[in-house]
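1. Take this sequence and fold it.
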Amino acid sequence: MATPLVLLRNAHLFDPDDVGYCDVLCAGGQVAAIADGLDLPPAHWPCEVVDLGGARVIPGLVDTHVHLCGGGGEAGAHTRVPRVEVPHLTLAGVTTAVGLLGTDGTTRTVAESLACARAIAHAGLTTYCYTGSYELPLQTLTGSVRGDLVHNDRLIAVGELALSDHRSSQPTYEELLRIASDCHVCGLMTGKAGLLHLHLGDGPRGLALVRRALHESELPARTFHPTHVNRNRALWAETKQVHAERGLYADVTAFEADADSLDAADAIGDWLDSGLDPARLTASSDGGGCLPVFDGEGVVVRMEVGRSMGLSDALVKLLAQGRPLAAVLPVFTRNPARLFRLRGKGNLSVGSDADLAVLDETGRARDVLAKGRWMVRDGRAIVYGPFDRPAP
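-> From the prediction side, this is the model:
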């Protein structure tokens, strides 16, 4: 898809570090130049010039946990969540998304997840997918993890395999090691993420299997990427401990907190205040996923739907708490891009993809570019999929 040149004047650039005030030229879907007082291209080159008046410009958010084809179904087929639409992502400032399956790997498939990812990519965003789901044997496209990760460029990792949850297939320690090993070796073979994205439930075993794997196996800590670790305070405390002992990477989910959980902003703040490695924490949304609440018999009593906007909400809250943008922004941008080996993503430097968001005064995305193409202007989505519902 051809994109015109876009010259952003007077941007306060965060790459995600604070670069200061400068101009940014986007050409061919990439950042072509960054400098103060950039010259205009030749007159016969079409170029849109936008004066940002000092507004903050950040890399597009990288959301590594999105149910692009919808999640849910735990209370029957009528509770299957619909597919994610393009503005669900762009209005939140998300320009890169990784799609996955959850509880249901039976009526939903890796093939369907890939199809939804390709549809969103057609609109201009960057999308990848996991292979697998909660269950064992793993649901794959080619019949094996190695076949999927080696032969399909859009499949980059395994996830979300469930642990410590009554919906899990209850993998054994040996099964977990075998899957993680396949992930790691495929990462070496392909340069892909090479990690196992793990759904953590509320079960009392917590990270026991991961802790054992980090202690007993030769697999590097980056192979295991547990998510939802802020869902209860005991799991959060254990996550911090395993990180301190073994260098565990962790992913917080941007959902609404209850009395025993931490929302993403509070978890990120606590991680940073605890002196833990700021580069080993990521945040994702669970966008399009069902967030069910179960009774003691495992029956759904109510449910909500995850939103990628939760990432934007978390960033706004962190800034309202007085935290510097440069201190918290890597959790949403550079950290996931580096962990998942997404080249050209999560930063704004010459040669990186022209994925960026212009923030309003509160820190919410006001304008969004994906590969140099405008997706959102003045807080309104301007690009939709052919079957997306326009915002009122």
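
2. At which residues are the strands of the stretch 201-350 of the chain located?
-> Secondary structure of the stretch 201-350 of the chain (DSSP state E, counting those that start in this stretch): strands at 224-227, 250-253, 281-284, 290-294, 300-305.

3. Of those strands, which shows the lowest average pLDDT?
-> Lowest mean pLDDT of the strands of the stretch 201-350 of the chain: strand 290-294, a mean of 66.

4. The nearest residue to residue 388 once chain neighbours are set aside and residue 120, how far apart?
-> Nearest residue to residue 388, sequence neighbours excluded (Cβ to Cβ, 6 or more residues apart in numbering): residue 85, at 4.1 Å. Quick note: C-beta positions are derived from backbone N, CA and C, even for glycine. In this structure, residue 85 and residue 120 are 9 Å apart, going by Cβ to Cβ, to the nearest Å.

5. Give the residues shared as contacts by those two.
-> Listed as contacting both residue 85 and residue 120 by Cβ atoms under 8 Å, 6 or more residues apart in numbering are residue 385.

6. Looking at the two, which is more packed in?
-> The neighbour comparison of residue 85 against residue 120 (other Cβ atoms under 10 Å) goes to residue 120, with 24 against 21.

7. Thought residue 94 was touching residue 61, still the case?
-> Yes: with contact defined as Cβ atoms under 8 Å, residue 61 counts as touching residue 94 (4.6 Å).

8. Overlap in contacts, these two.
-> In contact with both residue 61 and residue 94: 308, 311, using Cβ under 8 Å, 6+ apart.

9. For the closest residue to residue 299 other than its chain neighbours, report the pLDDT, please.
-> In this structure, residue 299 finds its nearest non-sequential neighbour in residue 75, 7.9 Å apart by Cβ to Cβ, 6+ apart. Residue 75 is assigned a pLDDT of 73 by the prediction.

10. Just read off the phi/psi values of residue 75.
-> With angles defined as degrees, to the nearest 10, residue 75 sits at phi -120, psi 20.

11. Least confident secondary structure element in this structure?
-> strand 290-294 (a mean of 66; mean pLDDT, DSSP states H and E).

12. care to break this structure down by domain?
-> 5-58+346-381, 60-339 (automatic domain parsing).

13. Give me the distance between the two termini of the first one.
-> For domain 5-58+346-381, the first and last residues are 20 Å from each other (Cα to Cα, to the nearest Å).

14. do the same with the last one
-> Across its full length, domain 60-339 reaches 16 Å between end residues, using Cα to Cα.

15. center of this structure - which residue?
-> residue 63 (1.7 Å; Cα atoms, centre = their mean).

16. so how far is residue 98 from that one?
-> According to Cβ to Cβ, residue 63 stands 7 Å off from residue 98.

17. same thing with residue 182?
-> Residue 182 sits 18 Å away from residue 98, going by Cβ to Cβ.

18. more neighbours, those two?
-> More crowded of residue 182 and residue 98, by other Cβ under 10 Å: residue 98, with 26 against 20.

19. In a strand, that one, correct?
-> Yes: counting by DSSP: H, G, I helix; E, B strand; the rest coil, one finds residue 98 located in a strand.

20. Isn't it up against residue 66?
-> Yes: applying Cβ under 8 Å, one finds residue 98 in contact with residue 66, separated by 6.6 Å.

21. Would you map the helices across the stretch 151-300 of the chain?
-> Along the stretch 151-300 of the chain, counting by DSSP state H, counting those that start in this stretch, helices occupy 173-190, 208-216, 233-246, 264-273.

22. which other helices and strands contact the second one?
-> If contacts are counted by 3 or more Cβ pairs under 8 Å, 6 or more residues apart in numbering; DSSP states H and E, helix 208-216 sits against helix 173-190, strand 224-227, helix 233-246.

23. what inclination does the last one have with respect to helix 264-273?
-> If I follow you right, that is helix 233-246. 30 degrees (axes from the mean of the first three to the mean of the last three Cα atoms, to 10 degrees).

24. shift numbering so it begins at 42
-> Got it, first residue is 42 now, which makes that one helix 274-287.

25. Leaving out chain neighbours, which residue sits closest to residue 319?
-> Nearest residue to residue 319, sequence neighbours excluded (Cβ to Cβ, 6+ apart): residue 313, at 5.9 Å.

26. List the residues that contact that neighbour.
-> Contact analysis of residue 313 by Cβ under 8 Å, 6+ apart lists 319, 364, 368, 369.

27. Residue 429 too?
-> Applying Cβ under 8 Å, 6+ apart, we find residue 429 in contact with 126, 127, 128.
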